[in-house]
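Asks: with the sequence up front, the predicted model follows.
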Amino acid sequence: MTENDDLPSLEALGEKVQQVRQKTDKPKPDPKAPRAMMGQAMRIAIDQVSAILVGFGIGYVLDEVLGTRPILMIVFILFGFAAGIQNVYRNAMRMGQSADKVPKETAAQKGGEPNKE
């Protein structure tokens, strides 16, 4: 027997290296994720501002018609602010639900103990 007979074959060694790489490789980040998050942030900001502007417009028109300047304008600006906050809350809940639906790697796939969910 020669010394080379005791050593594992190159194919077996290559398979072991590949298995270790698969366990330790982190998934590459999605390059579109920052843009998607920026889009969500812009939508939230636009929802908030537009709700306040709509409240201002309704209050202004009602003040002009009823001659109650500036009482209704202030009241409807506050209503617009409240509606904007409600829209922000709804969008945050929707983003949280969509994040929960994303399949996550289990610990067993990562090489750890199985997930107990």
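Replies: On my side now, so go ahead. Residues are numbered from 1 along each chain as shown.
Asks: return the distance of I46 relative to V88.
Replies: Per CB to CB, to the nearest Å, I46 is found 11 Å from V88. (C-beta placed from N, C-alpha, C; glycine too.)
Asks: and what of D100?
Replies: Using CB to CB, one obtains 19 Å as the distance from D100 to V88.
Asks: which of these two has more neighbours?
Replies: V88 (16 against 8; other CB atoms under 10 Å).
Asks: in which helix or strand would I find the more buried one?
Replies: According to DSSP states H and E, V88 maps onto helix 71-101.
Asks: same check on E15?
Replies: Using DSSP H and E, E15 falls in helix 10-24.
Asks: and that helix, how far from the chain's centre?
Replies: Put simply, helix 10-24 sits 34 Å off its chain's centre (CA atoms, centre = their mean, to the nearest Å).
Asks: mind starting the numbering at 9 from now?
Replies: Right, with 9 as the first residue, what we last looked at is helix 18-32.
Asks: give the next helix or strand downstream of that helix.
Replies: With DSSP H and E, the next secondary element past helix 18-32 is helix 41-74.
Asks: what's the angle from that next one to helix 79-109?
Replies: Put simply, helix 41-74 runs at 160 degrees to helix 79-109, going by axes from the mean of the first three to the mean of the last three CA atoms, to 10 degrees.
Asks: list the buried ones in helix 41-74?
Replies: I52, D55, Q56, A59, I60, V62, G63, I66, G67, Y68, L70, D71 (16 or more other CB atoms under 10 Å).
Asks: which residue is the nearest non-sequential neighbour of the fifth one?
Replies: By the measure of CB to CB, 6 or more residues apart in numbering, the closest residue to I60 outside its immediate chain neighbours is G88, 4.2 Å from it.
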